[in-house]
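Peer 1: A structural model of the following input is requested.
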Amino acid sequence: MLAATAITIIISAIVILVHFETMTWLTKMARTTRLPTRLSLLLGVFALFAAHSLEVWIFAGGLYFASEIAQLGDLTGTFDGSARDYLYISLVNYTTLGYGEIVPTGHLRTICGFEALIGLLMMAWSAAFTVFRLTDRWRANLD
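Peer 2: Have a look, this model is predicted:
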């Protein structure tokens, strides 16, 4: 359990840092460039989508490490051990979609559960950031 907790903390810290740095970069870009509001929003959404995608890949790598290297559990069901399946289970967890045809066992359940929590947090953070940036731009255009 301690190893799963440590892996979860490390992966979560990396994911939160990626997200924070992406939003910091977007904020700096918004301050230094004067793009039209629509284009700025579109670029911001694509950048956040790229960050979320990278975060899913990071968790997929963590699940691979925890399962194949650290032997903390298995993924059962329609799982063949391919990179595609690790990415899929990570995406299902991160988005809290939860189809259930691939099921974690052992201590992988801890990592998968926290991935859902972190994914939900990162998506909420992205939504709040986007609303804040839009509100900021709309206020600037009204003045």
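Peer 1: low pLDDT regions in the protein?
Peer 2: Using pLDDT under 70 as the threshold, the predicted model of the chain has low-confidence ranges 140-143.
Peer 1: Let me see the ranges of the strands in it.
Peer 2: Per DSSP state E, the chain carries strands over the ranges 75-77, 102-104.
Peer 1: Sheet-wise, list the partners of the first one with their directions.
Peer 2: Pointing back at strand 75-77 there. According to DSSP bridges, strand 75-77 forms sheet pairs with strand 102-104 (antiparallel).
Peer 1: What are the buried residues along the strand it pairs with?
Peer 2: Using 16 or more other Cβ atoms under 10 Å as the test for burial, strand 102-104 gives 102, 104. C-betas here are computed from N, CA, C, even on glycine.
Peer 1: Could you check how far the closest residue to His52 other than its chain neighbours is from Ile10?
Peer 2: Take His52 and drop its neighbours on the chain: the residue closest to it by Cβ to Cβ, 6 or more residues apart in numbering is Met122, 6.5 Å away. Met122 sits 16 Å away from Ile10, going by Cβ to Cβ, to the nearest Å.
Peer 1: count of neighbours near the nearest residue to Ala50 once chain neighbours are set aside?
Peer 2: Using Cβ to Cβ, 6+ apart and skipping residues adjacent in sequence, the residue nearest Ala50 is Thr22, 7.7 Å away. The local packing count at Thr22 equals 21, with neighbours defined by other Cβ atoms under 10 Å.
Peer 1: My guess is Thr22 contacts Ala51. True?
Peer 2: Yes. Taking Cβ atoms under 8 Å as the contact criterion, Thr22 and Ala51 are neighbours in contact, 4.0 Å apart.
Peer 1: ok, Gly77 - how many residues close by?
Peer 2: 14.
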